[in-house]
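1. Give me the fold of what follows.
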Amino acid sequence: MKAIVIDQYGTAEELHETEMEIPEIAADEVLVEVAATSVNPIDWKARLGMLKKMFAWTFPVVLGWDLAGTIVEVGKDVTSFKIGDQVFARPDIDAKGKRGTYAEFAAVKEDKLALKPQEISFEEAAAIPLAGLTAWQVIVDRLKVKKGEKVLIQAGAGGVGIFAIQIAKYLGAYVATTASPRNNKLLRSLGVDEIIDYHTTSIKATLSDYDAVFDTVDQIDEGLSILKPSGRLVTIAGQPTEEQGSRTQSVSSWWLQPNGEELSLLGKLVAQGKVKVIIDSTFALTASGLQAAHKRSESHHAQGKIIIKNTK
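-> Numbers count the residues shown, from 1 in each chain. Alright, predicted model coming up:
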């Protein structure tokens, strides 16, 4: 199969096309022919070698942690899916670095899969898993946002932020976010109640008495400063210090846990029009396509998700 890989850590130019063996699936896995994947900041951070302490991969490494496609093979213990099902997923991270989704085929465990609603495209489905699940697990599971609460979501125009805003609004929260002015129109269309231009204004000078903060930019002290004494903060960008953790507020970090059931719930909200998928740009599953997509993500100018489409 065709795959886009890196043979060493470095710039986007390290991404190149090669031929690899189609993954052999375990009894609890399915093989998916990938129709689309997406690029997340973790992709280029991994490409740069920033995850070396977490994952001892061996080159060549196939990056990518989102997929949407069609099942072409099913393991003997799989009961909930069949050949021909259109699915989407955030697969587990492979310990050897060989099973990323920048490839024509990918193996996925049954419990990480969700059926793709007919109402959404493969490209839209591929935009959801990593960013959408991260947002869902922080807003719903960790912060436990409730109707009427005030929530700050940092960097609202990013992939995670766009989903987090919509999930919080769906739950009935008052939502503030930080962003550049060029993103205001998009954020207002998603229902944001208050936008702070982080270039010119400190959140501490504008916000107070908040119930929850979703920190995506490693500004934990700033987030804590606007919380109620009983408020909650979850960060996906840093690690709370002992001093930060000793305050009256609840402070914790979170790393996404792939979950097919939660992904299915998200897919239904998208299909019902209650959550929108915002796609910034689409590139081909080629070396040049992935290089351009990584550069787009690294520019921090993307509004929404960057999609990679397998045009065969």
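2. pull the CA atoms of the strand ranked longest in the chain into PDB?
-> Using DSSP state E, we find that the single longest strand of the chain is strand 29-39. Provided in PDB are the C-alpha atoms of strand 29-39 (Å, rounded to 0.1, in the frame of the first residue of the first chain):
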ATOM      1  CA  GLU A  29      -9.500  -5.300  14.800                       C
ATOM      2  CA  VAL A  30     -10.800  -4.300  11.400                       C
ATOM      3  CA  LEU A  31      -8.900  -3.200   8.300                       C
ATOM      4  CA  VAL A  32     -10.200   0.100   6.900                       C
ATOM      5  CA  GLU A  33      -9.500   1.500   3.500                       C
ATOM      6  CA  VAL A  34      -8.800   5.100   4.300                       C
ATOM      7  CA  ALA A  35     -10.900   7.600   2.400                       C
ATOM      8  CA  ALA A  36      -9.700  10.600   4.400                       C
ATOM      9  CA  THR A  37      -7.600  11.500   7.400                       C
ATOM     10  CA  SER A  38      -6.600  14.900   8.900                       C
ATOM     11  CA  VAL A  39      -3.700  16.800  10.200                       C
END
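3. Tell me the neighbouring strands of it, and mark each as parallel or antiparallel.
-> strand 67-74 (antiparallel), strand 105-109 (antiparallel), strand 305-309 (antiparallel) (DSSP bridges).
4. That strand: what's the following helix or strand?
-> helix 41-47 (DSSP states H and E).
5. name the helices or strands packed onto that next one?
-> helix 287-298 (3 or more Cβ pairs under 8 Å, 6 or more residues apart in numbering; DSSP states H and E). Where C-beta positions appear, they are placed from N, C-alpha and C, glycine not excepted.
6. what angle do the helix it packs on and strand 305-309 make?
-> 170 degrees (axes from the mean of the first three to the mean of the last three Cα atoms, to 10 degrees).
7. Buried residues of helix 287-298, list them for me.
-> For helix 287-298, burial by neighbour count (16 or more other Cβ atoms under 10 Å) applies to 287, 289, 290, 291, 292, 293, 294, 296, 297, 298.
8. who's in contact with the first one?
-> The neighbourhood of residue 287, defined by Cβ atoms under 8 Å, 6 or more residues apart in numbering, consists of 4, 15, 16, 17.
9. OK, contacts around the second one?
-> Yep, that's residue 15 we're talking about. 4, 5, 6, 47, 63, 102, 287, 290, 291, 294.
10. Just give the number of residues close to the fifth one.
-> So the one you mean is residue 63. Residue 63 sits with 25 neighbouring residues when counted by other Cβ atoms under 10 Å.
11. Please name the residues that touch residue 240.
-> So residue 240 contacts 220, 251, 252, 253 (Cβ under 8 Å, 6+ apart).
12. residues in contact with the last one?
-> By that I understand residue 253. Residue 253 neighbours (Cβ under 8 Å, 6+ apart): 234, 235, 236, 238, 239, 240.
13. Pretty sure the fourth one sits against residue 221.
-> In this case it means residue 238. No: contact criterion Cβ atoms under 8 Å: residue 238 and residue 221 do not qualify, at 10.0 Å.
14. Not counting sequence-adjacent ones, nearest residue to residue 63?
-> Spatial nearest neighbour of residue 63, excluding adjacent residues (Cβ to Cβ, 6 or more residues apart in numbering): residue 100 at 4.6 Å.
15. should've said residue 41
-> With sequence-adjacent residues excluded and distances taken as Cβ to Cβ, 6+ apart, residue 41 is closest to residue 297, at 6.1 Å.
16. now the host helix or strand of residue 4, how far from the centre of its chain.
-> Secondary structure from DSSP H and E places residue 4 in strand 2-6. On the basis of Cα atoms, centre = their mean, to the nearest Å, strand 2-6 sits 21 Å off its chain's mean C-alpha point.
17. and residue 141, which of the three is it?
-> Recorded secondary structure, residue 141: helix (DSSP: H, G, I helix; E, B strand; the rest coil).
18. Am I right that residue 22 sits in a strand?
-> No: counting by three-state DSSP, residue 22 falls outside a strand, being coil.
19. circling back to that earlier point, specify which member of the buried residues of helix 287-298 is nearest to residue 229.
-> Minimum distance to residue 229 across the buried residues of helix 287-298 is 37.7 Å, recorded for residue 297 (Cβ to Cβ).
20. Now do that closest one, the pLDDT please.
-> As predicted, residue 297 sits at a pLDDT of 97.
21. Same question for residue 204.
-> We have a pLDDT of 93 for residue 204.
22. Next: residue 97.
-> In this prediction, residue 97 has a pLDDT value of 96.
23. Also residue 227?
-> 97.
24. Need the residue closest to the centroid of this protein.
-> Residue closest to the average C-alpha location in the chain (Cα atoms, centre = their mean): residue 131, at 1.9 Å.
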